[in-house]
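Trainee: Could you look at this predicted model? Sequence included:
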Amino acid sequence: MAKILIVDDQRNMRTTLAMMLRGEGYEVDEAGDGEQGAASGATGAFDVVLTDLRMGSKDGMDVLRAVKEAQPMTEVIVMTAYGTIESAVEAIRLGAFDYIQKPFSEQELLVKVGKAIDNRRLAGEVAFLASEFKDRYKFENIVGKSGAVREVLGRIVRVAPTDAIVLITGESGTGKELVAKALHANSRRADRAFVPVNCAAITETLLESELFGHARGSFTGAVKARKGLFEEADGGTFFFDEITETPLSFQAKLLRAIQESEIRRVGENKPIRVDVRIIAATNQDLLQAIAEKRFRQDLYYRLNVARFQLPPLRERREDIPELTKYFLEKYNKKMGHHARMGESALEAMEHYTFPGNIRELEHMVEQAVALVHSGVITADDLIPPTSTSTPADGSTVGGRTLAAVVDTAERSAIEAALRDSEGSRERAAELLDISPTTLWRKMTRLGITFG
């Protein structure tokens with residue numbers, strides 16, 4: 001419910017306006033003079049301040065200045081008498097959302113107030129991603145204003161303060177480690193270690209020793225006892241990247257470590273207590289991995305407590321310009337260049353499918369900044385050459401782009417899941433191992449209706 005402050009030194013006017021606005025469901029407070037109105041409006045308790053222009057020693061201009069200085073997102077509508085259009089124009093210049101000239105109709109007022117409230121809400125969404133918010137929650141590396149990004153950031157704020165185990169899924173290059181770091185940075189463990197491990201980069205024979213540690217002489221080359229990474233992360237956060245790359249034998253030991261909050265070094269029987277928050281990530285279909293006996297079902301259920309499904313860049317195309325600007329500034333600063341994106345380059349990037357997601361976009365911008373000759377990056381400077389119809393490597397499948405093939409496969413899978421679940425989106429999302437929100441977004445993009 002939007003909250004409105006009416007500032008007017010005429011009691012009858014205040015009462016009439018208040019009744020009118022309350023009748024539309026708004027919450028309304030009143031102020032009988034400019035001084036009281038300025039003080040109340042500056043508290044930030046109101047979405048809209050509706051103030052008369054002509055009052056006593058502190059007039060509507062003073063109210064406007066006080067409110068906008070203290071609460072820039074609070075919208076102010078100035079009520080003016082006939083013949084004071086110059087003052088109304090000055091009010092707009094000082095930041096008023098609009099003005100309304102007396103006498104006015106109820107409908108005219110309600111329309112202006114409604115527009116002001118809509119603008120206030122939009123400003124609130126934008127501010128959600130503003131620098132102050134990002135600084136507070138350490139989101140400076142998570143770039144974008146799409147609904148998908150806002151959803152992820154909102155979940156981070158809610159989940160981070162808890163100690164819930166987190167599972168992050170999504171294609172390669174979608175920013176899974178950035179989300180893991182943001183979860184750690186906003187948790188009670190922020191002042192302790194964040195230990196990331198790429199499970200695909202450690203051989204099966206070394207994995208247990210690296211993570212749990214080993215006793216002296218436990219295997220050839222173990223000349224002294226060594227702490228594992230789990231102990232290094234004690235009190236902090238442990239991030240398993242590409243968790244599906246771990247062998248089944250290790251998965252059983254990991255499940256026990258999570259459930260018991262203790263580990264055993266290789267070659268030792270003595271358990272060691274560890275207090276570690278687990279965040280795991282994968283770019284694979286976990287249900288398929290379970291069906292293929294590559295991943296333990298019990299470990300999946302233990303990890304799947306708080307789930308983040310990161311969308312590919314092709315599903316949040318509205319973020320491409322902002323990501324491009326972010327990486328352009330980053331690599332210009334790093335290389336001491338002053339390159340800028342030309343219109344042809346921006347247009348090419350906005351039409352490209354980015355199978356490598358954000359990571360591919362970053363590498364493309366980095367290469368362009370390094371190799372550009374004229375200072376203006378064109379479509380021809382982008383490596384690999386982009387196209388509105390083919391992926392980065394120029395490949396097509398049966399004359400169709402990779403994106404078209406993916407869309408066809410997704411449409412078939414979603415329609416099959418909806419049939420199997422008798423039209424229940426919640427059950428269909430479970431079958432597809434995605435969130436209901438992601439399913440709805442995919443259905444909307446692909447034009448799927450059911451039932």
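Mentor: Arrived safely. Numbers count the residues shown, from 1 in each chain.
Trainee: Now do the phi/psi pair for residue 66.
Mentor: phi -60, psi -40 (degrees, to the nearest 10).
Trainee: quick one: what helix or strand has the nearest residue to it once chain neighbours are set aside in it?
Mentor: With sequence-adjacent residues excluded and distances taken as CB to CB, 6 or more residues apart in numbering, residue 66 is closest to residue 38, at 3.7 Å. Just so you know, the C-beta spots here come from the backbone N, C-alpha and C atoms, and that holds for glycine as well. Assigned by DSSP states H and E, residue 38 falls within helix 34-41.
Trainee: List of residues touching that helix?
Mentor: If you take CB atoms under 8 Å, 6 or more residues apart in numbering as the criterion, helix 34-41 is touched by 5, 7, 9, 29, 31, 46, 49, 51, 55-60, 62-63, 66-67, 70-71, 74, 76.
Trainee: List the buried residues of stretch 103-121.
Mentor: 109, 112, 113, 116, 117, 119, 120 (16 or more other CB atoms under 10 Å).
Trainee: Make TSV from those and add secondary structure and pLDDT to it.
Mentor: Below are these laid out as TSV (DSSP: H, G, I helix; E, B strand; the rest coil; pLDDT from 0 to 100):
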residue	secondary structure	pLDDT
109	helix	92
112	helix	92
113	helix	93
116	helix	90
117	helix	89
119	helix	80
120	helix	82
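Trainee: Take those and lay them out in a markdown table including distance to residue 271.
Mentor: A markdown table is the format used below for these (distance: CB to CB, whole Å):
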| residue | distance to residue 271 |
| --- | --- |
| 109 | 71 |
| 112 | 68 |
| 113 | 65 |
| 116 | 62 |
| 117 | 59 |
| 119 | 59 |
| 120 | 56 |
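Trainee: Kindly indicate which of these lies nearest residue 281.
Mentor: Closest approach to residue 281 among these (CB to CB): residue 120, at 37.0 Å.
Trainee: what's near enough to touch the spatially most central residue of the chain?
Mentor: Computing the C-alpha centroid of the chain and ranking residues by CA atoms, centre = their mean puts residue 149 first, at 2.8 Å. Residues near residue 149 by CB under 8 Å, 6+ apart: 129, 142, 143, 316, 319.
Trainee: ranges for the strands of the stretch 51-200 of the chain?
Mentor: Along the stretch 51-200 of the chain, the segments classed as strands by DSSP state E, counting those that start in this stretch run 75-80, 98-101, 166-169, 194-198.
Trainee: how about JSON lines for the ones you listed, with mean neighbour count and mean pLDDT added?
Mentor: Listed next are those as JSON lines, based on neighbours: other CB atoms under 10 Å; pLDDT from 0 to 100:
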{"stretch": "strand 75-80", "mean neighbour count": "25", "mean pLDDT": "91"}
{"stretch": "strand 98-101", "mean neighbour count": "18", "mean pLDDT": "88"}
{"stretch": "strand 166-169", "mean neighbour count": "25", "mean pLDDT": "96"}
{"stretch": "strand 194-198", "mean neighbour count": "18", "mean pLDDT": "91"}
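Trainee: Compare those strands and report which one is nearest to residue 265.
Mentor: strand 194-198 (16.5 Å).
Trainee: Mind giving me the packing neighbours of the helix or strand just after the closest one?
Mentor: Scanning forward in sequence from strand 194-198 by DSSP H and E, the next helix or strand is helix 204-212. Applying 3 or more CB pairs under 8 Å, 6 or more residues apart in numbering; DSSP states H and E, we find helix 204-212 packed against helix 229-232, helix 248-260.
Trainee: partners of the helix or strand just after the first one in the sheet?
Mentor: The one in question is helix 229-232. Remark: after helix 229-232, the chain's next helix or strand is strand 237-241, criterion DSSP H and E. Strand pairing for strand 237-241, determined by DSSP bridges: strand 194-198 (parallel), strand 277-282 (parallel).
Trainee: ok now strand 237-241, how far from the chain's centre?
Mentor: Taking CA atoms, centre = their mean, to the nearest Å, the mean C-alpha location of strand 237-241 is offset from the chain mean by 20 Å.
Trainee: got a list of contacts for that strand?
Mentor: 176-177, 180-181, 183-184, 187, 189, 192-200, 229-230, 246, 276-281.
Trainee: quick one: low-confidence ranges for the stretch 101-250 of the chain?
Mentor: Flagging of the stretch 101-250 of the chain using pLDDT under 70 yields the residue ranges 122-138, 140, 217-223.
Trainee: what would the strands paired with strand 237-241 look like in TSV with distance to residue 251?
Mentor: As requested, those are exported to TSV (distance: least, CB to CB, whole Å):
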stretch	distance to residue 251
strand 194-198	14
strand 277-282	11
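Trainee: of all those strands, which lies closest to residue 435?
Mentor: Per CB to CB, nearest to residue 435 of the strands paired with strand 237-241: strand 277-282, 15.3 Å.
Trainee: Would you mind getting the angle between the closest one and helix 248-260?
Mentor: 150 degrees (axes from the mean of the first three to the mean of the last three CA atoms, to 10 degrees).
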